[in-house]
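Colleague: no sequence for this one, just the structure:
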């Protein structure tokens, strides 16, 4: 079962300096609209080819626009032995609504 993490929980971890690696699985054009500077871009369509870039033992948070694509990526990673994978509930839309209202929704 994939763990969920709220935007508030992630923000608290970032502020405490204990944040996991955040992976943004959206497409490049979506990042042109709004992005989180601390997130590493790894498009969903490239996960299979680039899985070797990720540490299966490290905590990861996966995000997308609203949480659907990132949940699929979390399932994929868990099936391949990744031990600490969380889905960012609500994605960048939730981050914009509850953390940074300057982010442009789309």
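Modeller: Nice, I can see it. All values derive from a computational prediction rather than experimental measurement. Numbers count the residues shown, from 1 in each chain.

Colleague: all helices of the protein, in order?
Modeller: Applying DSSP state H to the chain gives helices spanning 7-16, 28-33, 47-50, 68-79, 91-98.

Colleague: Dump those to a markdown table, plus distance to residue 105, mean pLDDT and mean neighbour count.
Modeller: In this view, the C-beta of every residue, glycine as well, is placed from N, C-alpha and C. As requested, the helices of the chain are exported to a markdown table (distance: least, CB to CB, whole Å; pLDDT from 0 to 100; neighbours: other CB atoms under 10 Å):
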| stretch | distance to residue 105 | mean pLDDT | mean neighbour count |
| --- | --- | --- | --- |
| helix 7-16 | 14 | 96 | 15 |
| helix 28-33 | 9 | 96 | 12 |
| helix 47-50 | 25 | 97 | 12 |
| helix 68-79 | 16 | 98 | 18 |
| helix 91-98 | 6 | 98 | 19 |
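
Colleague: now those in TSV, with distance to residue 104?
Modeller: Below are the helices of the chain laid out as TSV (distance: least, CB to CB, whole Å):
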stretch	distance to residue 104
helix 7-16	16
helix 28-33	6
helix 47-50	25
helix 68-79	19
helix 91-98	8
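
Colleague: Which of these sits closest to residue 22?
Modeller: helix 7-16 (7.2 Å; CB to CB).

Colleague: name the helices or strands packed onto that closest one?
Modeller: Judged by 3 or more CB pairs under 8 Å, 6 or more residues apart in numbering; DSSP states H and E, the packing partners of helix 7-16 are helix 91-98.

Colleague: and the angle for the helix it packs on with helix 68-79?
Modeller: Put simply, helix 91-98 runs at 120 degrees to helix 68-79, going by axes from the mean of the first three to the mean of the last three CA atoms, to 10 degrees.

Colleague: Brilliant, that's me finished.
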